[in-house]
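Student: Fold the following for me, if possible:
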Amino acid sequence: MVVTNPSQNPSARLQGVGKTEFIAMMAALMALNALAIDIMLPGLQQIGESLGVEDPNHRQYVVSAYLFGFGVAQLLYGPLSDRFGRRKPLLAGLGIYIVSAIAVVFIPSFAGLLILRFIQGLGSAATRVISVSIVRDVYGGRAMAEVMSLIMMVFMIVPIIAPGTGQVVLFFGNWHLIFAFIAVVGIIVTWWVARRLPETLHEDDVRPFTASSVLAGFIIVLTNRVALCYTLASTFILGALFGFINSAEQVYNQIYGLGVWFPVAFAAVAVFMSLSAFLNSRLVGRFGMRRLSHGALIGFITTTLIWLLIQIFGPQPMPFPLFLLLFALTMFQFGWIASNFNSLAMEPLGHVAGTASSVLGFMGTVGGAAIGALIGQSFNDTALPMVAGFFTVSIIGLAFVLIGEKGKLFHPHNPKV
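Tutor: Presented below is the predicted three-dimensional model:
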């Protein structure tokens, strides 16, 4: 097991917080981000009707505004957490997340809602950047990949249950109640973190918070070929996921007319992603991150190509069971790609983990959100733009992996990765 500082081991760094609790806590932090996106998907139509949104595609901005705020703020939290530690910036971000969720309950306009969603994303960015930095503080190599896979497995419970939870909340009130629920969950997680999470940043890894030091950290990240290429590959693959999230309500309801059963279909796909993360945690120590993620990327390309050909030449709309099967297979492979690509990008940057997580997260989220918005806004009452987007971004992702690995796939650089 490898840690950032060889004089420390995970138990010492976590000061009594066991591995199980640590994984659950990091998953909960990351899950706040998924909750803020997925729980409101069943309510997008109601939000649009309530706030006078005429174009159905414009309802997707509720997701996009949050993602752009989430991406932009990651540039700040990494350097802050490298200077002031992980706890203080994390708690500040959680506070912004909670307050903005409460404020949405009282907002009277769609423009105001989008502004508050952007602000909520600014706060939520702390949960992504700093939680990854904390994991990197404590673990390295395959141990980090294993822990991240377990975190992703727990984290993926939220996409499974969040849309259904949102649908249940709507039975008891209007869409405002969804944001009140988000605030309550945020308060609970914040209380847990404030009470139990120790400071994990080692004093030897503290970096000054100055413009020159931040720029130097960014240069370190952007000039590392492996980290940069895996981040760009992740960005395009994430774009596919964000594209689906943007148009999920329209695909499931306008094309297939699922209505209240939309959360069930959404959850079915999320189950495959969660299973993928679990299997990755069990297999990564034996086969390594590169073998698993490269194989999954080839599988992703193959599946989406088959899906695209059926979408073009098959019956319209595609039978729903076939659509769901192809989508589930695609997302199963996405689970292996996402967790391992993130770990591969972070692996060479442990000495600047906060800044690294910040820069990589900014690029992945903002770039992925832009690609996802492009895919989502192309929705034309068919699934063709989404499926074509999936295949296109996977090909581009493969190109970046080949550049990062100098043309060699499946070949581990050392036994730990």
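Student: which element follows the helix or strand encompassing residue 147 toward the C-terminus?
Tutor: Following DSSP states H and E, one finds residue 147 within helix 141-155. Where DSSP H and E defines the elements, the next helix or strand beyond helix 141-155 is helix 157-172.
Student: What are the buried residues along that next one?
Tutor: Residues of helix 157-172 classed as buried by neighbour count (16 or more other Cβ atoms under 10 Å): 157-167, 169-170. For the C-beta atoms, the positions are set from N, CA and C on the backbone; glycine is no exception.
Student: out of the residues you listed, what pair is the most spread apart?
Tutor: Maximum pairwise distance among the buried residues of helix 157-172 (Cβ to Cβ): 20.5 Å, between 157 and 170.
Student: Tell me the buried residues in stretch 250-257?
Tutor: 250, 251, 252, 253, 255, 256.
Student: Only C-alpha atoms, please: export that stretch in PDB.
Tutor: Taking C-alpha atoms only, stretch 250-257 is exported to PDB below (Å, rounded to 0.1, in the frame of the first residue of the first chain):
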ATOM      1  CA  GLN A 250     -36.900  14.000 -22.900                       C
ATOM      2  CA  VAL A 251     -35.600  10.600 -24.200                       C
ATOM      3  CA  TYR A 252     -37.500   8.600 -21.600                       C
ATOM      4  CA  ASN A 253     -40.700  10.700 -21.600                       C
ATOM      5  CA  GLN A 254     -41.100  12.200 -25.100                       C
ATOM      6  CA  ILE A 255     -39.800   9.200 -27.100                       C
ATOM      7  CA  TYR A 256     -40.800   6.300 -24.900                       C
ATOM      8  CA  GLY A 257     -43.600   7.900 -22.800                       C
END
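Student: Helix or strand, whichever it is, which one in the chain has the lowest mean pLDDT?
Tutor: For the chain, counting by mean pLDDT, DSSP states H and E, helix 10-14 ranks last in confidence among helices and strands (a mean of 68).
Student: how far is the helix or strand just after that one from where the chain is centred?
Tutor: For helix 10-14, the following helix or strand on the C-terminal side (DSSP H and E) is helix 19-38. Distance, stretch centre to chain centre, for helix 19-38: 11 Å (Cα atoms, centre = their mean, to the nearest Å).
Student: How about stretch 36-53?
Tutor: Distance of stretch 36-53 from the chain centroid (Cα atoms, centre = their mean) equals 21 Å.
Student: what sits up against that stretch?
Tutor: Applying Cβ atoms under 8 Å, 6 or more residues apart in numbering, the contact partners of stretch 36-53 are 56, 58-60, 62-63, 66-67, 97, 101, 109-110, 113, 120-121, 124, 158-159, 162-163, 165-167, 169-170, 174-175, 178-179, 181-182, 245, 248-249, 253, 260, 262-263, 266.
Student: repeat that for 7 Å
Tutor: The contact list for stretch 36-53, computed with Cβ atoms under 7 Å, 6 or more residues apart in numbering, reads 56, 59, 62-63, 66, 109-110, 113, 120, 124, 158-159, 162-163, 165-167, 170, 174-175, 178, 182, 245, 248-249, 262-263.
Student: ok, now stretch 274-292?
Tutor: Identification of contacts with stretch 274-292 by Cβ under 7 Å, 6+ apart yields 142, 145-146, 149-150, 152-153, 156-157, 160, 332, 335-336, 339-340, 343-344, 410-412, 417.
Student: just the buried members of those?
Tutor: Buried, going by 16+ other Cβ under 10 Å: 142, 145-146, 149-150, 152-153, 156-157, 160, 332, 335-336, 339-340, 343-344, 417, out of the contacts of stretch 274-292.
Student: Can you show me the strands along this structure?
Tutor: Assigned by DSSP state E, the chain shows no strands.
Student: Buried ones in the longest helix along it, by neighbour count?
Tutor: Across the chain, the longest stretch assigned as helix under DSSP state H is helix 110-138. Judged by neighbour count (16+ other Cβ under 10 Å), helix 110-138 contains these buried residues: 110, 113-138.
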